[in-house]
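Visitor: Okay, sequence plus prediction incoming.
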Amino acid sequence: MKMKAAFLVGREKFEVREVDVPRCGPGEVLVRVKACAVCGTDLRIFRGEKRIDVPITGHEISGIVEEMGEGVDGLSVGDKVVIKTVIGCGECDACRRGEENRCRRKYKAMGYQYNGGFAQFILVPREAVRQGCVIKVPENVSFEEATIVEPFSCVINGWYPFRKREPGFTTAVLGAGIIGMLHVEYAKLKGSKVILINRTSPRLILAKKIGSSADEFIDASQYDPVKKVKELTGGLGADVVICAASSKDIQREAIEMAAVDADISFFAGLPKDDSNVLLDSNIIHYNELHIHGANASNRSQYLEALDLIASGKVNVKKFITHKFPLEKLAEAMRCLEDRSMNAIKIIVDPWM
Ligand SMILES: [Zn+2]
Ligand SMILES: [Zn+2]
């Protein structure tokens, strides 16, 4: 049997090839990809800014179980599923606690060390299957919505250190991309008032148009975001600040707009070769700020994301703005990059 797959053959170049469908060995699962969303990391891979070990990328994947190797339990052919990206070693203390994104032996990932979802079929390796990376999706969740489980699970992971905040706090989210917008939804769920900040106004207009749950929107090209957040919080600052865009300025602003005892998430990373930031550490010291990192997600966070989507507590349908066939993957990447396209989440359908 043959399938179509998008091979990354060079900088900003994909080639759709007809190749053999991978054979399903013992313990492995073959999934028919129904949707694979394009994410900012895919864009960096496309531009040659990030290297992967395989020719096929894409890690926000939903599909149907097509075939199962010997010895696979808990799944059936025909199941609607999402594929969890991170595969831990399964043996270290972090993995044994169910924190495979904190694996001491450096985790592997679908779409990075194993071929990803920009293909008609994807083979899930044995260690991934064994660790529960193939997760069943309720029937009422569409394949498109199911791709959002991956980025949403990462957002939930970002909130882990301050997940127990009592309702009534204020959250400032810096950056109105899909990640920022998912943070807004999760903050609302936690009973927070939410301020969404972005450097350009069209993005905020788009956020309002699609029905973002933010209470306030600040256009940082018009207003000083630190001043505005202080104004909106009676001079106190925000209790939770999320840096949801790759920017040093945002990290500096986050510290300045934070209330005493605030939690700050450096959710978005900075470019690999340009990640030294000058911060006024006295603000951290005197205001007793807590700065947190965030990287990927674990299985229980996938399940939480899936549950919030399936139960209708979070509507992610509104974020899906574009759909492309596999042949137009490069175009999809450019669409994500081009702010005038107003893309939030772009889905690639390999059967389109
Ligand atoms: Zn992603
Ligand atoms: Zn491990």
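Guide: Looks like it came in fine. What you are looking at is a predicted structure, and each value in this text was computed from that prediction instead of being measured. Ligands and ions are numbered 1, 2, ... in the order given.
Visitor: and Ala310, how many neighbours?
Guide: Residues near Ala310, counting by other CB atoms under 10 Å, number 17. For every residue, glycine as well, the C-beta is placed using N, CA and C.
Visitor: Let me see the contact set for it.
Guide: Going by CB atoms under 8 Å, 6 or more residues apart in numbering, Ala310 touches 137-138, 140-141.
Visitor: okay, now Thr41: neighbour count?
Guide: Thr41 has 21 neighbouring residues, counting by other CB under 10 Å.
Visitor: So the closest residue to it other than its chain neighbours versus Ala330, what's the distance?
Guide: Nearest residue to Thr41, sequence neighbours excluded (CB to CB, 6 or more residues apart in numbering): Lys50, at 6.7 Å. Per CB to CB, to the nearest Å, Lys50 is found 16 Å from Ala330.
Visitor: picking that back up, determine which two of the contacts of Ala310 are furthest apart.
Guide: Based on CB to CB, the longest span within the contacts of Ala310 runs between Val137 and Asn140 and measures 9.2 Å.
Visitor: Between these two, which is the more surrounded one?
Guide: Summary of the neighbour comparison: Val137 and Asn140, criterion other CB under 10 Å, with Val137 having more neighbours (21 against 10).
Visitor: and the more buried one, how far is that from Ile148?
Guide: 11 Å.
Visitor: Could I get the contacting residues of Lys34?
Guide: Contacts of Lys34 by CB under 8 Å, 6+ apart are 62-64, 143, 349, 351.
Visitor: likewise Ala128?
Guide: 83-84, 87, 110, 114, 134.
Visitor: Does it lie in a helix or a strand, and which?
Guide: According to DSSP states H and E, Ala128 maps onto helix 126-130.
Visitor: cool, and Gln301?
Guide: According to DSSP H and E, Gln301 maps onto helix 299-310.
Visitor: likewise Gly168?
Guide: Using DSSP H and E, Gly168 falls within no helix or strand.
Visitor: count of residues packed around it?
Guide: Neighbour count of Gly168, defined by other CB under 10 Å: 10.
Visitor: How about the worst-scoring helix or strand of the chain on mean pLDDT, which residues are buried there?
Guide: In the chain, the helix or strand scored least confidently by mean pLDDT, DSSP states H and E is helix 40-46, which has a mean of 94. Within helix 40-46, the residues that count as buried by 16 or more other CB atoms under 10 Å are 40-43, 45-46.
Visitor: now stretch 322-330
Guide: 322-324, 326, 328-330.
Visitor: mind listing which of the residues you listed are in strands?
Guide: 322-324 (DSSP state E).
Visitor: show me which of these neighbour ligand 2.
Guide: For ligand 2, no contacts are drawn from these by CB under 5 Å from the ion.
Visitor: before we move on, the earlier item: looking at the buried residues of helix 40-46, which is nearest ligand 2?
Guide: Distance to ligand 2 across the buried residues of helix 40-46 (CB to the ion) is lowest for Thr41, with 21.2 Å.
Visitor: For burial, what's the neighbour tally of the residue in the stretch 251-352 of the chain positioned nearest to ligand 2?
Guide: Nearest residue of the stretch 251-352 of the chain to ligand 2, counting by CB to the ion: Asn298, 11.0 Å away. When neighbours are defined as other CB under 10 Å, Asn298 has 24 of them.
Visitor: residues in the stretch 1-150 of the chain within reach of ligand 2, list them.
Guide: Proximity of the stretch 1-150 of the chain to ligand 2, by CB under 5 Å from the ion, involves residues 88-89, 92, 95, 103.
Visitor: Direction included, what does the helix or strand encompassing Ile197 pair against?
Guide: Assigned by DSSP H and E, Ile197 belongs to strand 193-198. Strand 193-198 has its sheet partners listed here by DSSP bridges as strand 170-174 (parallel), strand 216-219 (parallel).
Visitor: buried residues in the helix or strand following the first one?
Guide: Once strand 170-174 ends, the next helix or strand along the chain (criterion: DSSP H and E) is helix 178-189. By neighbour count on 16+ other CB under 10 Å, the buried set for helix 178-189 is 178-188.
Visitor: same deal with stretch 101-111?
Guide: 101-103, 107-111.
Visitor: Show me the residues you listed that map onto strands.
Guide: 108-109.
Visitor: Identify the farthest-apart pair in the buried residues of stretch 101-111.
Guide: Maximum pairwise distance among these (CB to CB): 19.5 Å, between Arg102 and Gly111.
Visitor: got the end-to-end distance for stretch 61-81?
Guide: Distance between the two ends of stretch 61-81: 9 Å, counting by CA to CA, to the nearest Å.
Visitor: residue boundaries of the helices in the stretch 1-150 of the chain?
Guide: Remark: helices assigned in the stretch 1-150 of the chain by DSSP state H, counting those that start in this stretch are 40-46, 93-96, 126-130, 143-147, 149-159.
Visitor: among the ones you listed, which is the most enclosed?
Guide: helix 149-159 (a mean of 26; mean count of other CB atoms under 10 Å).
Visitor: Using PDB, write out every CA atom in it.
Guide: C-alpha atoms of helix 149-159 as PDB (Å, rounded to 0.1, in the frame of the first residue of the first chain):
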ATOM      1  CA  VAL A 149      -5.400  19.000  22.400                       C
ATOM      2  CA  GLU A 150      -1.600  19.100  22.000                       C
ATOM      3  CA  PRO A 151      -1.000  22.900  22.300                       C
ATOM      4  CA  PHE A 152      -3.800  23.100  25.000                       C
ATOM      5  CA  SER A 153      -2.000  20.400  27.000                       C
ATOM      6  CA  CYS A 154       1.100  22.400  26.900                       C
ATOM      7  CA  VAL A 155      -0.800  25.500  28.200                       C
ATOM      8  CA  ILE A 156      -2.100  23.300  31.000                       C
ATOM      9  CA  ASN A 157       1.400  22.200  31.800                       C
ATOM     10  CA  GLY A 158       2.500  25.900  31.900                       C
ATOM     11  CA  TRP A 159      -0.200  26.500  34.600                       C
END
